[in-house]
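Chemist: Sequence and predicted structure below; questions after.
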Amino acid sequence: MAQQTAVEWLIEKQLDAGYGLPKEWREQAKAMEKEQIINACESHADYPFDYKDFIDYYNETYGNDTQGKI
């Protein structure tokens, strides 16, 4: 099972508490967090990776948009 990102956790808690968030805000927040995770990995890599490696890492760890996550 994929791990939940911090943004996904917060969105889930807000929705559970009855706070409505526009879907486009939720999707934008998840996209921003995904880019931040990839950038952090890339900037701290001890050896060269290509962008596909980071996308694969993210998708394996957190799942991807096609998994029906929040």
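Modeler: Nice, I can see it. Numbering: from 1, shown residues only.

Chemist: Now the one residue sitting closest to the centre of the chain: closest residue in space, sequence neighbours ignored.
Modeler: With distances taken as C-alpha atoms, centre = their mean, K34 lies nearest the centre of the chain, 4.0 Å away. What sits nearest to K34 in space, not counting adjacent residues and going by C-beta to C-beta, 6 or more residues apart in numbering, is Y58, at 6.0 Å. From N, CA and C alone the C-beta is placed, and that goes for glycine too.

Chemist: can you count the residues close to the one you found?
Modeler: Per other C-beta atoms under 10 Å, the neighbour tally for Y58 reads 19.

Chemist: contacting residues for the nearest residue to N64 once chain neighbours are set aside?
Modeler: In this structure, N64 finds its nearest non-sequential neighbour in Y58, 7.6 Å apart by C-beta to C-beta, 6+ apart. When contacts are counted by C-beta atoms under 8 Å, 6 or more residues apart in numbering, Y58 is found next to 34, 37-38, 64.

Chemist: If you rank those residues by neighbours, which is first?
Modeler: Ranked by neighbours (other C-beta under 10 Å), the contacts of Y58 are led by K34, which has 19 neighbours.

Chemist: hmm, back to that, next one: the residue nearest to the centre of the chain from C41, what distance?
Modeler: K34 sits 11 Å away from C41, taking C-beta to C-beta, to the nearest Å as the criterion.

Chemist: Can you list the low-confidence ranges for the chain?
Modeler: Applying pLDDT under 70 to the predicted model, the residue ranges of the chain that meet it are 1, 44-51, 65-70.

Chemist: how about the helices of it, start to end?
Modeler: Along the chain, the segments classed as helices by DSSP state H run 6-16, 23-43, 51-62.

Chemist: Tell me what angle the last one forms with helix 6-16.
Modeler: It refers to helix 51-62. Here the directions of helix 51-62 and helix 6-16 differ by 40 degrees (axes from the mean of the first three to the mean of the last three C-alpha atoms, to 10 degrees).
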